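>>> just a sequence and a predicted model for now, questions to come.
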Amino acid sequence: MSFSSENQNETGNNSSTENNSVRILAIESSCDDTSASVCIDGRIASNYVANQKVHEQYGGVVPELASRAHMQNIVPVVDVALKQAGISLQEIDAIAFTQSPGLIGSLLVGAQFAKSLALALSKPLIAVHHMQAHVLANLIEENRPSFPFLCLTVSGGHTQIVLARSPLELEVIGETIDDAAGEAFDKSAKLLGLPYPGGPLVDKNAQLGNPLAFKFAEPQIPELNFSFSGLKTSVLYFLQAKQKEDEKFIENNLNDLCASVQHTIIQILLKKLKKAVAQTGVKNVCIAGGVSANSGLRNALQEAGKKYGWKTFIPPFQYCTDNAGMIAITAYYKYKAGKFSELDVSPTARAEWN
């Protein structure tokens with residue numbers, strides 16, 4: 001499977017790929033973070049993110065509240081990004097936005113805003129695939145991988161191994177058949193009584209615990225695919241059994257539980273990544289996505305690189321979670337390739353592959 005790469009006619013004018021200076025305004029609104037970024041000649045000049053705290057009291061993202069917050073945040077967020085980059089709207093050469101995947105209401109806010117700007121300014125429009133952007137976040141900093149490279153992309157909704165042959169030639173060679181790694185972190189955190197978002201708290205507590213204290217199930221899935229539903233069930237049944245013996249079991253073993261859950265998830269991920277390197281022969285290895293901010297995973301990848309002779313690349317924290325900088329760098333490569341979108345392009349909740 002590979003990422004769909006549209007070859008649509010450009011919208012508006014001032015879209016010549018021969019222009020020596022390329023200035024792109026990018027908007028990311030796929031879930032609960034509103035972000036805007038300016039990319040100038042492949043360099044991220046600004047990357048501003050407005051987080052939504054309203055969801056914490058509900059233990060997860062509420063789509064309707066997310067959409068409303070995006071509508072409130074998007075104008076000031078874009079304004080800040082432009083000011084930080086020291087550029088005006090009139091100097092922008094193209095408008096980019098996240099088309100898919102994500103919450104449809106959230107995507108619609110960003111898409112309609114981007115299309116309105118493109119129409120009003122007579123600038124070309126560039127629709128970006130969110131997961132492709134996570135992979136290309138590894139190209140933002142100067143210490144970037146050379147092609148081809150493998151990227152383990154792990155987030156709340158996706159877990160994939162992607163073979164990148166060029167910025168616009170990406171192939172998914174392995175993915176989860178059910179739950180994502182990020183969901184396994186968050187659901188385990190909930191079972192442990194940790195507040196939302198639980199993934200970062202598991203990471204924080206894990207640093208104080210013993211990763212080998214408890215053993216949980218590691219599903220045996222063929223090829224390079226993943227499964228995390230069995231792990232969640234294993235954690236649930238284990239905790240239920242232990243709490244029958246000691247009602248304060250979680251409280252008394254929280255750090256060790258977090259460390260053991262995190263260790264299990266990381267081992268599942270790295271075993272498949274090691275297998276992907278063996279199958280492809282590609283030893284340039286990256287991680288991406290929100291879970292790539294996890295300190296345990298970052299350290300484990302670096303250790304694996306030393307052990308197996310891989311060249312490992314890890315994006316800075318600001319480019320791991322959802323952000324417009326990754327949308328901007330992806331749009332930059334699409335701009336240079338002349339891949340623009342029509343104004344009737346529609347956001348979609350699910351990623352499209354062909």
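Received the coordinates, thanks.
>>> for stretch 257-267, give the mean pLDDT please.
Average pLDDT, stretch 257-267: 98.
>>> ah, wrong one, I meant stretch 167-177
For stretch 167-177, the per-residue pLDDT averages 96.
>>> so what's the gap between it and the chain middle?
The gap between where stretch 167-177 is centred and where its chain is centred comes out at 13 Å by Cα atoms, centre = their mean, to the nearest Å.
>>> how about that stretch: buried residues?
167-168, 170, 172-176 (16 or more other Cβ atoms under 10 Å). Heads up, the C-betas are built off the backbone N, CA and C, glycines and all.
>>> which of the residues you listed fall in strands?
Those of the buried residues of stretch 167-177 mapping onto strands are 170, 172-175, per DSSP state E.
>>> who's in contact with the most centrally placed residue in the chain?
The residue lying closest to the centre of the chain (Cα atoms, centre = their mean) is residue 289, at 3.0 Å. The neighbours of residue 289, taking Cβ atoms under 8 Å, 6 or more residues apart in numbering as the test, are 134, 153-155, 158, 182, 320.
>>> if we use 6 Å, what do you get?
134, 153-155 (Cβ atoms under 6 Å, 6 or more residues apart in numbering).
>>> what's the closest non-adjacent residue to it?
residue 155 (3.7 Å; Cβ to Cβ, 6 or more residues apart in numbering).
>>> can I assume the one you found is in contact with residue 290?
Yes. Assessed by Cβ atoms under 6 Å, residue 155 is found in contact with residue 290 at 4.6 Å.
>>> so what sits against both of these two?
residue 182.
>>> residues near residue 77, how many?
23 (other Cβ atoms under 10 Å).
>>> is it correct that it is in contact with residue 36?
Yes. Counting by Cβ under 6 Å, residue 77 touches residue 36, with 4.8 Å between them.
>>> which neighbours do these two have in common?
With Cβ under 6 Å, 6+ apart as the test, residue 77 and residue 36 both reach residue 48.
>>> now residue 215: how far from residue 231?
11 Å (Cβ to Cβ, to the nearest Å).
>>> when those two are compared, which one has more neighbours?
residue 231 (22 against 11).
>>> show the contacting residues for that one.
Going by Cβ under 6 Å, 6+ apart, the list of residues near residue 231 reads 184, 216-217.
>>> what mean pLDDT does stretch 145-161 have?
Per-residue scores along stretch 145-161 average to 95.
>>> now do the end-to-end distance for that stretch.
15 Å (Cα to Cα, to the nearest Å).
>>> just the buried positions in that stretch, please.
Result for stretch 145-161 [16+ other Cβ under 10 Å]: buried residues 145, 148-161.
>>> how about stretch 258-274?
In stretch 258-274, the ones that count as buried by 16+ other Cβ under 10 Å are 258-266, 268-270, 272-273.
>>> redo these as a markdown table? Include secondary structure and distance to residue 202.
Below are the buried residues of stretch 258-274 laid out as a markdown table (DSSP: H, G, I helix; E, B strand; the rest coil; distance: Cβ to Cβ, whole Å):
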| residue | secondary structure | distance to residue 202 |
| --- | --- | --- |
| 258 | helix | 5 |
| 259 | helix | 9 |
| 260 | helix | 10 |
| 261 | helix | 6 |
| 262 | helix | 6 |
| 263 | helix | 11 |
| 264 | helix | 11 |
| 265 | helix | 9 |
| 266 | helix | 11 |
| 268 | helix | 15 |
| 269 | helix | 15 |
| 270 | helix | 17 |
| 272 | helix | 20 |
| 273 | helix | 20 |
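>>> need these in a markdown table with distance to residue 29, can you?
Listed next are the buried residues of stretch 258-274 as a markdown table, based on distance: Cβ to Cβ, whole Å:
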| residue | distance to residue 29 |
| --- | --- |
| 258 | 31 |
| 259 | 35 |
| 260 | 36 |
| 261 | 31 |
| 262 | 30 |
| 263 | 34 |
| 264 | 33 |
| 265 | 28 |
| 266 | 30 |
| 268 | 31 |
| 269 | 28 |
| 270 | 32 |
| 272 | 31 |
| 273 | 30 |
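>>> dump the residue contacts of the residue in the chain sticking out farthest from the centre.
Going by Cα atoms, centre = their mean, the residue of the chain most distant from its centre is residue 245, 39.7 Å out. Residues near residue 245 by Cβ under 6 Å, 6+ apart: none.
>>> repeat that for residue 115.
Residue 115 neighbours (Cβ under 6 Å, 6+ apart): residue 343.
>>> again, 10 Å this time
Taking Cβ atoms under 10 Å, 6 or more residues apart in numbering as the criterion, residue 115 is in contact with 11, 95, 97, 125, 127, 341-346.
>>> and it, how far from residue 104?
15 Å.
>>> quick check: residue 305 touching residue 150?
No. Counting by Cβ atoms under 10 Å, residue 305 stays clear of residue 150, with 11.8 Å between them.
>>> any residues in contact with both of these two?
Counting by Cβ under 10 Å, 6+ apart, the residues touching both residue 305 and residue 150 are 283, 285.
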